[in-house]
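Student: With the sequence up front, the predicted model follows.
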Amino acid sequence: MSKVIQLEKAVDTIVDGSTIALGGNVLHRAPMAFVREMIRQDKRNLRIVKTAGAHDIDLLCAMQAVKEVDAGFVSYETVYGLPPHYRKAVQSGQVKANEHACYTVISALRAAKTNVPFMPVSGLKYGDLIEKNEYFVVVEDPFTSEPVTLVRAIVPDVAIIHTQYCDEFGNAIIDGPKYEDVLMSRAAQRVIITTEQIASPFQIKQWKDKIAIPHFLVDAVVHVPKGAAPTSCYNKYDVDDVSLREFLGLKDISAIKGYVDKYTNQDRGTHAWQRTIQ
Amino acid sequence: MSKVIQLEKAVDTIVDGSTIALGGNVLHRAPMAFVREMIRQDKRNLRIVKTAGAHDIDLLCAMQAVKEVDAGFVSYETVYGLPPHYRKAVQSGQVKANEHACYTVISALRAAKTNVPFMPVSGLKYGDLIEKNEYFVVVEDPFTSEPVTLVRAIVPDVAIIHTQYCDEFGNAIIDGPKYEDVLMSRAAQRVIITTEQIASPFQIKQWKDKIAIPHFLVDAVVHVPKGAAPTSCYNKYDVDDVSLREFLGLKDISAIKGYVDKYTNQDRGTHAWQRTIQ
Amino acid sequence: MAANDSISDLMTCTIANMLLDGETVFHGVSSQMPMVAMHLARQLHAPNLVHLNIPGGVNPSSVKKSSYSSAGADLVELGEAYFPLEEIFDLSMRGKLDVAFLGGVQFDINGNVNASVIGDYEKPKVRLPGGAGSAVLIPTAKKAIIWRTKHDTRTFVEQVDFVTTRGNLWKIITPLCVFEYRDGKLHLDSIHPHTTIEEVQENTGFPLLYDEIRYTKAPTTQELAILRKIDPHNYRAAEFG
Amino acid sequence: MAANDSISDLMTCTIANMLLDGETVFHGVSSQMPMVAMHLARQLHAPNLVHLNIPGGVNPSSVKKSSYSSAGADLVELGEAYFPLEEIFDLSMRGKLDVAFLGGVQFDINGNVNASVIGDYEKPKVRLPGGAGSAVLIPTAKKAIIWRTKHDTRTFVEQVDFVTTRGNLWKIITPLCVFEYRDGKLHLDSIHPHTTIEEVQENTGFPLLYDEIRYTKAPTTQELAILRKIDPHNYRAAEFG
C-alpha cells in the first residue's frame, strides 16, 4: 500500500496537455524538482494553474513546456525582478496568459473542489479582465435580479505539492504557510506529493493534528530532499540566491537545459536506498 | 480592548427576529448557556441556522422563541429519541422548518462567507426539497448550458460559538471536532464566543497554531464554564444524561421555564470576579 | 421473529460484508450500527477501508466510547487525521466517496426516500428529523446504503409522502431482508434466515420483486467474536431500543 | 531630487500615517515598503492594527527576516495566529478588510489601474506580472492604497492600455506626491517637500487637479529612529533597486 515511487515514474504519469496546479507561492515551496523532471521528460502544452508563480512558471516557459498559464501574478519578487521567459513567451504568443485576480484562481479551484461548474465572485465588478476573458461571465442573480460575476471552474488534472513531511501512504504535513496547496489537493483529479522527508508511522501519529492532506486524497509520494530548491522550504532551507541569479542570467535554451541537468542527480536521488524504490 | 462581557449583556445585543447560527452539532458543544439566557430574556421570532441540531433547537421551540429553523437534521441521537417540542412547533405551524441537506446549510454559509448571493450545489438534483423550497432554484450554467442547482445565501446576524479556550481579545481555540463553527464565524455579521476558560496571553501564545477564530473576527467573549451543558464539551465534560432526560420528561412551558431557571446561577456566574466584569 | 440482538448482529455483519477494502465510507449521526460494521470490516477483510464521520476523525482506532452518539469527539481523539463533514461532502460531490450510510423513514418501490414529513410539507402531520446528508449524498456517493431497524408497511409504502431524494440507492437493509436498487426499482436481494418470504411481503407495502429467494448469509463465529470485542456494549443494537 | 533612501523613508512614514489603530490591513508580494510601514504604525499610533499577509501570519512580531520576500514563512513563524490569503480575500469580500496595499503600472486620472499589459491583451507588447489581488480587492477593501516607486509619464498616463480594475482607490503614493481619488478623479493630495508642482506635473501624463498646494509632512526624528530599528536592513527601499 506504499505510494512511494521515483520521481521519473511520477512525472511519467503526466500527459502532454495536462492542467497542472503547482503548490507553493512565488519564491516559496514550489515543487521545482518535479518541474525540472517535466522538462527533462520534454512535457508539452501544459496548462499551469497557480495564484502567484515565479521560477516554476518562468522555467517551464523558457523550455517551451507551456501552452497556458492561469494565474493572478507571475513574477519574482522585488530583488529578482520580472520573469524574462514567461514575458517573452506571452509576448510572442507562444503562451496564453489567462489573467486572474488570485482570488478568482482560488474561486475556480473551490468550484472544482465542490464539483460545480462555476463559482460566484462578489469582488470582481469592473474592468477589462471580465470583458476579455471568456472564463468570466456576468449573469443575473435569480434571487435578487442583481448582476453577479461567475468564474468558470478550473479542474487540475493533477496537483503537485512539495511538503516537508509525508508518510509512505500520503499523509502530508506542510510546515509554515500552506498557501493554496490544501485547496489544490481537493480540487485536482490526482495529487502527487514530493517531500523532503518520508515520515515514519510513529512521527505521523505524533503529528496527526498537522496532517494537511490525508492519505486517501494522494496518488503518489516522491521522496525528494531539496525538492523545492532554489525556492525556499520552511524549516529546511532558504532561497538559493546563487542558483536563482545564475538562472536569471541565462538566455538561450541550451544553457537553461544545462542548468536543469545540473540538478538531475539531486532531483532523482543518488542514494542506493532511494534507487531501490520500485 | 478586552471583549469580555457578561452573558446577560451579550444576549441583550440579540434583536428579536435575528438569524442566529448556533455552533456545535447534535449533542456536542451547543452554546446552551447562551440559548437559555435568550429564553430568560424572552427573545422571539428567531431564525435558527445549524446543520444538525438537538437540545438547543428543541428548547428554543419549546419556549416559543423560534420563527424558522434552517437545518438538515433536528433530533436527539438514538438513545434520546426525537425532539418533541420542535416537532410539535412545526406540526402546529408555529415554526417554519426550512429543510436543508446539511451540505446546503454549509453551502449557504459559504455563500455568506464569500459575500455572494448563492452557491451552486452539485449533489442536489432530485426531489421535493427543490420543488417546495424557494431557497433552491435550478438555473442553466452559462458555460455549459447544463442545469445547476443554486442555494440562496444565509447570512446569520450573529454566530454563537462555545469553545474550550478563548483569550480576552477573542482568539478562540476549539478542541476536538470543530463542526461548522469556523465557517459560521466567517459567515455571520457578528460573532459571540462563550468559553469554558479565558486563556492567558501566555497560553494563547503557546497554542497559537490551534487558534480557529482569530480575535479580529470576534465581537464579544463571555466566560461561561459549563456553557455547553447538558450537551458535551470535549476535554471538559460529557453529556449530562440526567439533565437531558429530565428535560425530555417535561411537558408544559412552566415546567420547562423552571428547568431553564435552575441553570441561571451556573450560566450567569456567581463568583465575585465574574460579577465584576462590566 | 428472532431476538433483536441476534438480528442486529446479522444486520451489522451483512453491512460489514458490503464494504470493500480501500473504500472511503461515511456515516452520520445516530449511526451506531454502520459505525460498528465499518470497524468489523476493517478487522476482517478491509483493513484499508477509510472510516469517515461527522466530527472528522479519520479511522478512529476504536468506537467503544461512542455510547450515545456517532458524532462525538471520541472519533477525532482516536482518529489518524482530521477530515470533517464539510470536506466529506465535497469529496462526495467530486465522486470520490465510495459508500455513504443514510437513513430514511419511508421508501417506495421506485427508490424514493422520505426523511422529511408525513403528510404535507408546509403543515405536516409528523415532522421527521430531516434527511441530513441524504439529498446530496444519495445522488453522489458511488454506493448509498440505507439501513433501517423497522420493516413494516408504514416504512415500505406504495408511495412516499414526500421525496427527500430518489435514485442511486445501492442497498437497503432491514431486520427482515436486503433490497437492491437496480433499473429504477427495489428488488429483493436476500431475506434473512429467520424470516420467510411471506413475512417480508406482509410487512412490505409494495409487491416484492425477485427471481428466486436467496437467504442472507448468517454471521460466522469469527465475525460474532470480533463484533463482541469491538462493540462490547452492544451499541449496534441501540436503535432497537 | 532627494536621495532614494530619504524618499523611501518619507514614503514609508507617510503610508504609516494613513493607517488607523484597529484597522485590518493587508499587503501582498513584493510589498516590503507597506509591510515596514504597517510595523511602523503599530509601533507608533496603531498598536491594535491587524497586519495580514499572503502566508497568513497575523501580526508578525518582526519583519527583519523578510529580506527578499513579503510572502515568506517568517511572517507565519513570528505571527500570533494563522489567517491565510484565501481567508483574507473572503474577509475583503464581506467588507471587513479596512486597508489593502496594491500595485499597478499605469494609472489615469479616472482611477483606472493597469497591472496587466502594455499594448494588446491577447498579443501584448509587454506582459506585466498581473494585478494579483487588485481586481477584487480595490472594489471591496474599505481603503485601497497604491504605492509606486516610479513617478513618470509612462506610469501616470492619459489613458491606461488595459483596465485591470478601476474605482474605489483611496490614495496613491509615489516618490513625488500623494494622490487622492474622489468624485471619480485623482486629485493631488500633497506633494513631497523635496519636489515642486512643476516637477510633479512634468512627470504626470494628465493635468493635475488641485485647489492649493499642500506639502507632505516630513518624517519626524522619532519616526525615522523607529524605522531604522524595525527595518535595519532597509528592505523598504528594495524597490528603488
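Tutor: The structure has been received and is ready for your questions.

Student: how far away is the closest residue to residue C:204 other than its chain neighbours from residue C:207?
Tutor: Among residues not flanking residue C:204 along the chain, residue C:156 sits closest, at 4.4 Å (C-beta to C-beta, 6 or more residues apart in numbering or on different chains). C-beta here means a position set from N, CA and C on the backbone, and glycine is covered the same way. Distance of residue C:156 to residue C:207, computed by C-beta to C-beta, to the nearest Å: 11 Å.

Student: So for these two, which residue has more residues nearby?
Tutor: residue C:156 (26 against 9; other C-beta atoms under 10 Å in any protein chain shown).

Student: Which pLDDT value goes with that one?
Tutor: Looking at residue C:156, its pLDDT is 98.

Student: Tell me the backbone dihedrals of it, please.
Tutor: Main-chain torsions, residue C:156, degrees, to the nearest 10: phi -100, psi 100.

Student: what does residue A:22 give?
Tutor: Torsion angles, degrees, to the nearest 10, at residue A:22: phi -110, psi 130.

Student: That one: neighbouring residues, count only.
Tutor: Residue A:22, neighbours per other C-beta under 10 Å, totals 29.

Student: My guess is it contacts residue A:50. True?
Tutor: Yes: with contact defined as C-beta atoms under 8 Å, residue A:22 counts as touching residue A:50 (5.0 Å).

Student: Pull the contacting residues for the residue nearest to residue C:204.
Tutor: C:106, C:107, C:108, C:203, C:204, C:205, C:206 (C-beta atoms under 8 Å, 6 or more residues apart in numbering or on different chains).

Student: How about it: which residues does it bridge to?
Tutor: Taking DSSP bridges, one obtains residue C:107 as the residues bridged to residue C:156.

Student: measure it to chain A for me?
Tutor: Look at residue C:156 and chain A: by C-beta to the nearest C-beta, to the nearest Å, they are 32 Å apart.

Student: how about the helices of chain A, start to end?
Tutor: A:7-12, A:32-40, A:55-62, A:84-91, A:103-113, A:128-132, A:181-187, A:201-206, A:241-248, A:253-261, A:264-268, A:272-275 (DSSP state H).

Student: With chain B in mind, check whether stretch C:24-43 reaches it.
Tutor: Yes: contact of stretch C:24-43 with chain B (C-beta under 8 Å from any C-beta of the partner chain) involves C:28, C:29, C:30, C:32.

Student: With respect to residue B:137, which of those residues is nearest?
Tutor: residue C:28 (26.3 Å; C-beta to C-beta).

Student: so that closest one sits right up against residue C:133, yeah?
Tutor: Yes: contact criterion C-beta under 8 Å: residue C:28 and residue C:133 qualify, at 5.9 Å.

Student: what touches both of those two?
Tutor: Between them, residue C:28 and residue C:133 share the contacting residues residue C:102, judged by C-beta under 8 Å, 6+ apart.

Student: Show me which of these two is the more surrounded one.
Tutor: residue C:133 (33 against 26).

Student: Tell me the spacing between residue A:233 and chain C.
Tutor: 22 Å.

Student: Equivalent analysis for residue A:156, please.
Tutor: 12 Å.

Student: how many neighbours does that residue have?
Tutor: 26.

Student: backbone phi and psi for it, please?
Tutor: phi -70, psi 140.

Student: do the same with residue C:177
Tutor: Dihedral angles (degrees, to the nearest 10) for residue C:177: phi -160, psi 180.

Student: dump the residue contacts of it.
Tutor: Residue C:177 neighbours (C-beta under 8 Å, 6+ apart): C:151, C:188, C:189, C:190, C:191, C:192, C:195, C:200, C:216.

Student: which helices and strands sit right next to the helix or strand containing the third one?
Tutor: Spelled out, it's residue C:189. Assigned by DSSP states H and E, residue C:189 belongs to strand C:185-191. Under the contact criterion of 3 or more C-beta pairs under 8 Å, 6 or more residues apart in numbering or on different chains; DSSP states H and E, strand C:185-191 touches strand C:169-173, strand C:177-182, helix C:197-202.

Student: Deepest-packed of these, please.
Tutor: strand C:169-173 (a mean of 23; mean count of other C-beta atoms under 10 Å in any protein chain shown).

Student: buried stuff in stretch A:15-26?
Tutor: Going by neighbour count (16 or more other C-beta atoms under 10 Å in any protein chain shown), the buried part of stretch A:15-26 is A:18, A:19, A:20, A:21, A:22, A:23, A:24, A:25, A:26.

Student: can it be found next to chain D?
Tutor: Yes: interface with chain D: stretch A:15-26 contributes A:25, A:26 (C-beta under 8 Å from any C-beta).

Student: Mean confidence (pLDDT) on that stretch, please.
Tutor: For stretch A:15-26, the per-residue pLDDT averages 98.

Student: Spatially, what comes nearest to residue 61 if we skip its sequence neighbours?
Tutor: Went with chain A since none was named. residue A:89 is the one closest to residue A:61 (C-beta to C-beta, 6+ apart), at 4.1 Å.

Student: Let me rephrase: I mean chain C.
Tutor: Looking at residue C:61 with C-beta to C-beta, 6+ apart, the closest residue is residue C:78, at 4.7 Å.

Student: circling back: give me the number of neighbouring residues for the residue nearest to residue A:61.
Tutor: The burial count for residue A:89: 25, using other C-beta under 10 Å.

Student: Also the one 3 residues further on?
Tutor: Each residue near residue A:92 was counted by other C-beta under 10 Å, and the total is 10.

Student: and it, what are its phi and psi?
Tutor: phi -80, psi -10.

Student: my read: residue A:199 touches residue A:170, true?
Tutor: No: between residue A:199 and residue A:170 there is no contact under C-beta under 8 Å: 10.8 Å.

Student: Chain D contacts on the stretch 151-278 of chain A?
Tutor: Residues of the stretch 151-278 of chain A lying near chain D (C-beta under 8 Å from any C-beta): A:175, A:176, A:177, A:178, A:179, A:180, A:183, A:232, A:234, A:235, A:239, A:241.

Student: Kind regards, and thank you for your time.
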